[in-house]
Structure formats: C-alpha cells, structure tokens
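Peer 1: Return a 3D structure for these sequence lines:
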Amino acid sequence: MKLSKKDILHIVVIIIGMIFLAIPIFHNNLWFDESYSVAISNHTFKEIWEIGSNDVHPVLYYWVLHILKLIFGSSILVYRIFSWICACLIGIIGYTHIRKDFGKNVGILFSFFSMFLPVITVYAGEIRMYTFAMLLVALMCIYAYRVYKNEEKKQIKNWVLFATFSLLSAYTHYYGLMAAGIVNIIMFIHIIRKTCKTKKFIYELKVFLISAITQIILYIPWVVSLLLQMKQVSKGFWISVAFPDTIIEFFKFQFTGNLGGTQYIPNIYAIIFGIIISTYIICIFVKNRINKKKVEEEKLPIKLSLIIYIGVIVGACVVSIVMQMPIIYARYMLCVTGIFIFILSYYIGKNGNKYITSLICILCIIAGINIQINLCKDNYDISNIKPYQYLKENIQESDILLCQNELSGFVTFTNFPNNKSYFYDAEKWNVEKAYKAFGNEMETIYDLKEIENLQGRIWVLDSSDYKLLEKIKEKYNVNVIEQKNIIQNIIVSHIVFL
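Peer 2: Numbering: from 1, shown residues only. Reported below is the predicted structural model:
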C-alpha cells in the first residue's frame, strides 16, 4: 500500500518525537517517588501486593517493574526506558488507531501532542506509573468507542480488549479506576437505551454484563487493599486541596509540566498557550454554530471525551471534599491526559485553520525545547554523581544510615540497599508498612531511644529544616567524625556514640 504525503509526515513526526522524548532520560538520578518505585520492585509479587496495600496506588505498575527486574536486573535506565516506550506508544496509536477511526488530521495531531505537549516532555522518562496509565486509559477509550459505534456487529475482539484495558487501568492508578468506571457506565447507559428500543441489542447487553461482572470479580481482590488505603489517606495524606488554586494548577500543569515549586518553563506560558487554544476552540465552536456545520455524529467523540475527562475531575473533587480524602493532584491527571490530547486533536483536526494550528504546534515545540534544555541541565549535571561517589568511597558495610522525614534520605537508602537503615518518623506519618518497600534492612523508629544501643558508625542524612544531628547531640554524647553538604541542603554526618 502506497503511503500518502500525510502518512509519511505522520511517521516522521512519530520518529522525531521518539528521539525528542529520549534526550533527557539516560541518567541514574532518582527523586523520592522514583526511589519508591525502584525499591518496591525488588520485592516479590506477593510482597509488592502487601506493601502496596499500604501505599496510595494500585500495584500493577510495580509488578511490571518487578518483571523487568527479573529479565534485565534492577536497572534504573531500563525502568526509565519502559516509561519512555509507553509514552512513544501513545504517539504511535495516533497512527495505528486514531488515524483510522477519526481521520488523518486528527491522527497526526494526536501523535504530535502526545510527544511534544510540555507535560509529556517532562514525564516521559519518570520511573512512575503515569505514562503506563495514560496508555492503558487511551486504549480502553479507543476500544470502548469502537464497540459504541459498531454495536450491531458481534465484535468479541473489541469487547475483550476494552474489558482488558479497563481492568488494567483500574489496577494501575485510581484516576484510571475512575476513568474505567465512567466509561463502563456510559457503555451501560448506551446499551440499555438501545435495548429498550429494539431487541437487536440483547446480544450487546449480555456481552456487557459478562465484561462488567468479570472486571468486578477480578478487581475484588484489590478492594480490601483499596479500603485500607482509603483509611490511610483519611488519616492525613500529604496532598492538600485549596480552591481555586488546585483547579488552576490542573490547567497550568497540562501546558507546562510545572507542579508545586518545580518550574520547567515560566507559568506565563500556560496562560498564553491556554488563551490561544481556548480562543481558537471558541471561535471554531461559534463558527460551526453559525454555519450549522457540525452534524450530531461528529459531535459524539468530543461529548464522550469531555464526559470522561471532566467526570474524573469531578470524581476526584467529590472524594476529596465529601469523603475528606484528598486525592486532587495535578500529576494524577496524567492518567487521562490522552483524553485531553484527543479533545484538542479532534476539535482542531476537524475544524482548525492550518496557520493557527501550525502556530500552536510551534509553541509546543518551543516550550518542549526549553523544557528539554532545563531537564538535561538537571539530569546530566555532574554534581548529581558526586554525593553518591563520596558515599561509595567512604561508607562501610557495617555502617548505618539514619534520616528523619527527609525524602532525599530514602533515595540514599535505595542507592545503598545493603546497609542497615533507620527512618526516624518524628511526625508520625503513618507510613511504616508502606515504607517496607525500602527493604528488610530499613526500620521505622518513633523515638531516638531506639538508636541508643547501635554499634559502629552512623551516617545521619539531615537538612537545615529538621536538624536531626542537633537533636541527637542534645540527648547523647556523640563524636562527629565528619560533616559534609552533599546535595542541595542535605547534610551527611558520620557519628559514633561514645
């Protein structure tokens, strides 16, 4: 089959996008959440399930990392490449699926935004479940829509794939669970409405019930863990919610990848980009209303996508406010960013002006290049290696690591898994069971008395905020062998009890 110019352009966009996303991922640095992923992957499937039951996410992603570990060994680079592969696959389905279902313009824009939208650029190489969840949710929605549009055909393949990706989404992230729940509800309502009109849809109702019941049965084993996690979150999980700031951050995050104090590009970019796209879409909408261009069938994909995307946000708000369990967090929206990308791609691809569309793509590329420059500066900075080189050169097998509620301390635990480590939980985070991910060599203590009888050298991983070393010196007669600022405000001190 001969490829058209648009098909060739589409393939070129995907290839360039894959290379572009790979630029900053070849490093071994970790931040806390990534260190947790790496640490928990070293456990058995059973242990991952048990430990994950005390964390705040389902365990499928950690199981996948464990499989990668069994095949390739515990490799930070392999784990990053897996996240990159998932991000690339999202772009590729723009060619293999979106193009076929919604047209070449929509397909190529979907692939482009999937690889150059700032938020994807930032998270494509993270050792977290987000690109994996995004891929699963996107595939779930694609096969659900294929079933939705072709309900008169006996399409077992699409039903099986829809149900499979739905279940996998629910086992990967709770935003994936909400998305899967909303999609299944939409399918149920649609089939019931059709069934009420004609008996031709009795077959579809039977298949849906089989699909839904199978998913529920296979998810029941995790329900107990879910209830445990809900109890855990209600005791004071770290996420805080403030309106309207939290919702504004949702908006900015999709266009910048900025979150909290982490700034990859100025937030003004999100405002400019958001205003341009919003104005563009409003103009298209008004134009279509005036010209009555849109037929109902063409509106359907947008309507369904908006229901799912907004439904997830509303669901997170309800859980956070009504049930008093804060789960509204912009990073979690990555799970449904594929839907957000489809909304942009479909609306612009079907109705857009090529010059304005080109301007939006150029803005994406400019932002992406700036982000990549900043990421490369951070990820490939030689100073990242020095702290652990220093520790490797000086730490002994019998030495002990100790930190308070300093997240960088856990990253150090991950880099030195064979050394006995202690987490002094002075603020009682209620994470002892979840932090078993960091290995059998780590223990959680709630009082410094528990370290009185430790023998040998202790490395105190401290910061100016917690001043753990000062607390120890106030209580005990210790000898500080050496004190060194190793990274940012993290201070490592050799001490021995006298």
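Peer 1: close enough to count as contact, Thr121 and Gln372?
Peer 2: Yes. With contact defined as Cβ atoms under 8 Å, Thr121 reaches Gln372; the gap is 6.4 Å. To be clear about C-beta, it is placed using only N, CA and C from the backbone, and glycine gets the same treatment.
Peer 1: Among the two, which residue is more densely surrounded?
Peer 2: Neighbours per residue, other Cβ atoms under 10 Å: of Thr121 and Gln372, the larger number sits with Thr121, 28 against 18.
Peer 1: Could you measure from the more buried one over to His57?
Peer 2: Plainly put, Thr121 is 23 Å away from His57 if you go by Cβ to Cβ, to the nearest Å.
Peer 1: can you check Ile356 too?
Peer 2: 39 Å.
Peer 1: Give the residue from the two that has the larger number of neighbours.
Peer 2: His57 (22 against 16).
Peer 1: My guess is that one contacts Tyr174. True?
Peer 2: Yes. The pair His57 / Tyr174 is scored as a contact, 7.1 Å apart, by Cβ under 8 Å.
Peer 1: remind me which residues of the stretch 201-350 of the chain are low pLDDT?
Peer 2: Scanning the stretch 201-350 of the chain for pLDDT under 70 picks out the ranges 201, 230-243, 290-297, 324.
Peer 1: let's see 50
Peer 2: 236 (pLDDT under 50).
Peer 1: Show me the helices in it, by range?
Peer 2: 202-234, 245-256, 268-291, 296-321, 337-351 (DSSP state H, counting those that start in this stretch).
Peer 1: and the ones you listed, which is most packed in?
Peer 2: helix 337-351 (a mean of 23; mean count of other Cβ atoms under 10 Å).
Peer 1: how much does that one deviate in direction from helix 245-256?
Peer 2: 60 degrees (axes from the mean of the first three to the mean of the last three Cα atoms, to 10 degrees).
Peer 1: after helix 337-351, next one along is what?
Peer 2: Note on helix 337-351: by DSSP states H and E, the next helix or strand toward the C-terminus is helix 354-379.
Peer 1: how does this structure divide into domains?
Peer 2: Per automatic domain parsing, the structural domains of the chain span 5-379, 383-497.
Peer 1: next one: the last one to chain centre, how far?
Peer 2: Centre-to-centre, domain 383-497 and its host chain are 29 Å apart (Cα atoms, centre = their mean, to the nearest Å).
Peer 1: now the strands for this structure?
Peer 2: For the chain, the strands defined by DSSP state E occupy 400-403, 420-424, 442-445, 458-463, 478-487, 490-497.
Peer 1: Show the average pLDDT along the fourth one.
Peer 2: It refers to strand 458-463. For strand 458-463, the mean pLDDT works out to 81.
Peer 1: Flag every buried residue along that strand.
Peer 2: 458-463 (16 or more other Cβ atoms under 10 Å).
Peer 1: ok, now which ones touch Cys361?
Peer 2: 112, 116 (Cβ atoms under 8 Å, 6 or more residues apart in numbering).
Peer 1: Test for you: state the pLDDT assigned to it.
Peer 2: 93.
Peer 1: Same check on Asn405?
Peer 2: Reading off the model, Asn405 has pLDDT 78.
Peer 1: For it, which non-adjacent residue is closest in space?
Peer 2: Glu427 (5.4 Å; Cβ to Cβ, 6 or more residues apart in numbering).
Peer 1: Please report the number of neighbouring residues for Phe113.
Peer 2: Neighbour tally, Phe113, other Cβ under 10 Å: 26.
Peer 1: residue contacts, the most centrally placed residue in the chain?
Peer 2: For the chain, Tyr130 is the residue whose C-alpha lies nearest the centre (Cα atoms, centre = their mean; 2.3 Å). If you count contacts by Cβ under 8 Å, 6+ apart, Tyr130 has them with 83, 123, 173, 331, 334-335.
Peer 1: Save those as a markdown table, and put in distance to Leu89 too.
Peer 2: What follows is the contacts of Tyr130, written out as a markdown table (distance: Cβ to Cβ, whole Å):
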| residue | distance to Leu89 |
| --- | --- |
| Ser83 | 11 |
| Tyr123 | 14 |
| His173 | 17 |
| Arg331 | 20 |
| Leu334 | 15 |
| Cys335 | 15 |
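Peer 1: Restricted to buried residues, select the residues you listed in PyMOL.
Peer 2: Buried subset of the contacts of Tyr130, written as a PyMOL selection, criterion 16+ other Cβ under 10 Å:
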select buried, resi 83+123+173+331+334+335
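Peer 1: So, low pLDDT: which residues of the stretch 351-498 of the chain?
Peer 2: Those would be 487-490, 494, 497-498, if you go by pLDDT under 50 across the stretch 351-498 of the chain.
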